[in-house]
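> could you look at this predicted model? Sequence included:
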Amino acid sequence: TALQFGQTKGIIHLAGGSGGVTLVHLPEGVIGIKPMLMNSVSEFVAVQLANFVGIRVAKLKVVRYGDDAFSQIKQAIKEAPADIVEHRDIARRTMSRAEFLGVLEFVAGCSVQ
């Protein structure tokens, strides 16, 4: 099923790694949106390797520039409520350079960098 980006309840941006991740609160739950920049291939390979050796990592779906979901995500980030306005600005700037966006399931736990 398609995610309801038009009904985004809020966003928060977490810095780190290669551009950080923006958490987006949708009716379906929380997901992560990650700009797929210079390190995208290595991040994709890391996910595949982790799955191969049995390490639980967030599932990743890559959305390309021409997909309908790409423009829906960008619009949601532009219009979504943000408790910290800077977070929306950072997310918009970071994602403006991306031709691909990673949509990640939210997995509770700690970050490993």
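Arrived safely.
> any weak-confidence spans in the protein?
For the chain, the stretches with pLDDT under 70 are 1, 39, 109-113.
> now do the SS call for the residue nearest the centre of it.
The structure's the chain has its C-alpha centroid closest to Ile33; by Cα atoms, centre = their mean the separation is 0.9 Å. Counting by DSSP: H, G, I helix; E, B strand; the rest coil, the backbone at Ile33 sits in strand.
> just Ala98 next, same as before
For Ala98, the assignment made with three-state DSSP gives coil.
> phi first, then psi, for it.
Phi and psi for Ala98, reported as degrees, to the nearest 10, are phi -90, psi 140.
> so it touches Met36, yeah?
Yes - taking contact to mean Cβ atoms under 8 Å, the distance of 5.8 Å between Ala98 and Met36 places them in contact. Just so you know, the C-beta spots here come from the backbone N, C-alpha and C atoms, and that holds for glycine as well.
> could you report the neighbour count for Gln15?
That one is not Gln; residue 15 is Ala. 10 (other Cβ atoms under 10 Å).
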